[in-house]
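J.: kindly return the folded structure for what I paste below:
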Amino acid sequence: MKKIKEELCEINYSASLENLAKATVLLLNKKIKEFKLFFNISDNEQIVVNYFDDLDEFREFIYSLRGERYSLPKYAKGTYDNGMVNAYINPKSQLERLYTASHELFHILYMKYILNNDYSKRIVWYDEGMAQFMSGEKDSLVSSAFKKFYFAVREKTKIIPPINTLDHGDTFVNENYNGYDLSYLSIKYLSETLSTKQFKDLMSDFLKISQLGNDIIQKMFDYYDEKLESKNCKK
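T.: The predicted structure follows:
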């Protein structure tokens, strides 16, 4: 493994992933500052990123950290075990995974500073939605691109799941719905309907998150159906 080490981050990576490693340094130097403001963090702790170009090597690394061989979903290509960003990356499409680091970094900081490392407090849909929203990975979904994404998710959602009870695995992503997409859209809906202070305060109000989760998907669908269809009518 090669290494890039700077004040705020350390990137360990397979040689074939050098372009991604260099781009990650630039992204994290920006995102770490944003996240420090969002979480009210004053410490300058170093973020460690481990990129693998071999899926089996990635999975073996995670298993070695966990001390077992059953909890990593088959679809998983990124984790935040041991407070590190760990990911398998296909070298041929490496820059498409640029935001993996900032996504997993949100999980790390949320677990440490909001959940106080108590996994039992984690509400998966909220954490996953926020990681997508805050990482920048969905920033390209604006205007017509967002509309296309939204209606594609709407069509592919065959049933509305009880989102508060979802955990990673087949209950999160299956042929009836995609928990990642629904989580992201739910967070985006909250960002548009809550004040900036309410949106930020929500991350530590676990009871409120659970209450919202009872019907947030339907409310989100109703909100965007009306908003996007209204825009269509005006044209």
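
J.: okay, and for this protein, where does confidence drop off?
T.: Counting by pLDDT under 70, the low-confidence segments of the chain come to 230-235.

J.: just the helices in this structure please.
T.: Taking DSSP state H as the criterion, the chain carries its helices at 18-39, 55-66, 100-113, 124-135, 144-156, 179-193, 196-202, 206-213, 216-234.

J.: closest to Lys74 out of those?
T.: Nearest of the helices of the chain to Lys74, taken as C-beta to C-beta: helix 55-66 at 9.6 Å. Using the backbone N, CA and C atoms, a C-beta is placed for each residue, glycine as well.

J.: just the CA atoms of stretch 126-133, as CSV, please.
T.: C-alpha atoms of stretch 126-133 as CSV (Å, rounded to 0.1, in the frame of the first residue of the first chain):
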residue,chain,number,x,y,z
TYR,A,126,-31.2,9.2,9.2
ASP,A,127,-27.5,8.5,9.4
GLU,A,128,-27.4,7.2,5.8
GLY,A,129,-29.5,10.0,4.5
MET,A,130,-27.4,12.6,6.2
ALA,A,131,-24.1,11.0,5.0
GLN,A,132,-25.3,11.2,1.4
PHE,A,133,-26.7,14.8,1.8
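
J.: residue contacts, the residue nearest to the spatial centre of the chain?
T.: Centroid-nearest residue in the chain, with C-alpha atoms, centre = their mean: Ala131, separated by 3.0 Å. Shown in contact with Ala131 (C-beta atoms under 8 Å, 6 or more residues apart in numbering): His103, Glu104, Phe106, His107, Tyr110.

J.: so what's it closest to, chain neighbours aside?
T.: Distances taken as C-beta to C-beta, 6 or more residues apart in numbering put Phe106 closest to Ala131, at 4.2 Å, once the chain neighbours are dropped.

J.: for Gln132, see how far away the one you found is.
T.: According to C-beta to C-beta, to the nearest Å, Phe106 stands 9 Å off from Gln132.

J.: do Asp81 as well
T.: Counting by C-beta to C-beta - Asp81 and Gln132 are separated by 19 Å.

J.: how close does the nearest residue to Tyr126 once chain neighbours are set aside get to Asn86?
T.: The shortest distance from Tyr126 to any non-neighbouring residue, by C-beta to C-beta, 6+ apart, is to Ile209 (5.0 Å). Distance, Ile209 to Asn86, by C-beta to C-beta: 26 Å.

J.: out of those two, which sits in the more crowded spot?
T.: The residue with more neighbours, out of Ile209 and Asn86, is Asn86; 23 against 19, by other C-beta atoms under 10 Å.

J.: name whatever forms a beta bridge with that one.
T.: Going by DSSP bridges, Asn86 is paired in beta bridges with Asn50, Thr79.

J.: tell me which residues touch it, please.
T.: Val49, Asn50, Phe52, Phe58, Phe61, Ile62, Leu65, Gly78, Thr79, Tyr80, Glu104.

J.: show the buried residues in those residues.
T.: Among the contacts of Asn86, those scoring as buried are Val49, Asn50, Phe52, Phe58, Phe61, Ile62, Gly78, Thr79, Tyr80, Glu104 (criterion: 16 or more other C-beta atoms under 10 Å).

J.: measure the last one to Ser93 for me?
T.: Same thing as Glu104. Counting by C-beta to C-beta, the gap from Glu104 to Ser93 is 18 Å.

J.: same question, the fourth one
T.: When distances are taken as C-beta to C-beta, Phe58 and Ser93 turn out to be 15 Å apart.

J.: what does the first one give?
T.: Distance, Val49 to Ser93, by C-beta to C-beta: 18 Å.

J.: and the third one, by the same measure?
T.: Here Phe52 is placed at a distance of 15 Å from Ser93 (C-beta to C-beta).
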